[in-house]
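Chemist: This is a predicted model, with the sequence first.
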Amino acid sequence: MRFEFEHLGSLTSFEVMDGQHLLGGGVEDQIRLEGLPPGLLVLCIEGSRLTVKSAQPFTVNDVLVPPGLRRLVLPGEGVGLPQGMRLKVLPASPGNGRCANTVAVLKHLLTASDEPPPSSAATLTCLTGLDTGRSFPLAGAKTDIGRGSRSDLLIRDRTVSRAHARIHQDGSTVTVAPLSPHNGLYVNGQRVERSRPLLEGDVLELGQTLLRFQASLEAPVPLAPPVQEPAHDAAQQTRPGGEGWFLGMGAVMTLAGLLVTYALLG
């Protein structure tokens with residue numbers, strides 16, 4: 001696999017064979033870059049597939065990766081290193097296999113601003129292969145993925161098993177699990193051997209197929225209409241014992257006073 005190391009504006013290209021390699025500034029690191037902590041990154045290369053893990057936080061395309069998490073790094077993505085250093089994964093040359101034509105498609109799907117509006121249901125979007133660009137809604141409680149005719153989500157990839165993985169939905173919780181221990185299933189570059197939850201933006205890898213998970217959108221809760229309080233004047237008009245009552249009582253008392261005065265004078 002080919003890499004490009006950038007530091008202080010200078011670029012250095014190098015190639016690393018398949019296997020697990022330590023990258024850092026220590027004397028025991030297989031890939032030694034001066035100025036880095038010893039054993040900073042663990043690179044695992046399997047053909048055109050690269051996963052990276054570190055005991056310290058690092059970034060992939062400026063997105064923070066927590067320590068201890070194995071992260072799948074795609075061709076064209078850059079790994080941020082201390083001291084302003086950067087390690088970029090170069091696309092395979094045309095004669096080296098399948099990555100050369102996939103990179104442009106992946107970058108378009110991951111960064112294009114004219115994507116279709118998101119579905120209200122959870123979806124899987126295919127990033128590679130014959131189904132590139134297709135979005136599959138996850139409508140049922142159970143969705144089986146594979147290349148067999150009985151699969152709910154049919155993947156046209158010979159490296160995918162007939163019944164490869166199963167996605168299960170329980171309310172807002174979505175999980176994925178392999179249907180056989182022999183099926184290679186990865187989420188964000190980390191192998192999945194039992195059921196695990198899926199989060200927004202997770203990338204599933206089955207054979208040579210990558211699927212990006214998008215969680216369902218919650219329907220907005222309708223707001224109750226505001227309560228209109230009665231107008232002040234209307235309240236006065238309808239309130240018992242209001243101004244009309246006082247006027248009536250005043251008239252009665254005035255009449256009574258006149259009658260008493262008349263009786264005394266008479």
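Modeler: Now that the structure is in, tell me what you want to look at.
Chemist: only C-alpha atoms for contact and neighbour calcs from this point on.
Modeler: Noted.
Chemist: Please report phi then psi for the closest residue to Gly184 other than its chain neighbours.
Modeler: Leaving out its chain neighbours, the residue that sits closest to Gly184 by C-alpha to C-alpha, 6 or more residues apart in numbering is Leu206, at 6.3 Å. With angles defined as degrees, to the nearest 10, Leu206 sits at phi -130, psi 110.
Chemist: Report the contact partners of Leu206.
Modeler: Shown in contact with Leu206 (C-alpha atoms under 8 Å, 6 or more residues apart in numbering): Thr159, Val160, His164, Gly184, Leu185, Tyr186.
Chemist: mind checking how far it is from Gly35?
Modeler: Here the criterion is C-alpha to C-alpha, to the nearest Å. By it, Leu206 lies 37 Å from Gly35.
Chemist: Over to Ser180?
Modeler: According to C-alpha to C-alpha, Ser180 and Gly35 sit 44 Å apart.
Chemist: more neighbours, these two?
Modeler: Set side by side, Ser180 and Gly35 show more neighbours around Ser180, with 15 against 12, by other C-alpha atoms under 10 Å.
Chemist: okay but that one is in contact with Arg166, surely?
Modeler: No. With contacts defined as C-alpha atoms under 8 Å, Ser180 does not count as touching Arg166, sitting 10.0 Å away.
Chemist: Spell out, range by range, the strands that occur in the stretch 51-200 of the chain.
Modeler: When assigned using DSSP state E, counting those that start in this stretch, the strands of the stretch 51-200 of the chain occupy the ranges 58-60, 63-65, 71-73, 78-80, 86-89, 123-126, 135-137, 142-146, 153-154, 165-170, 173-178, 185-187, 190-191, 196-197.
Chemist: nearest to Val52, of those?
Modeler: Ranking those by distance to Val52, with C-alpha to C-alpha as the measure, places strand 71-73 first at 5.2 Å.
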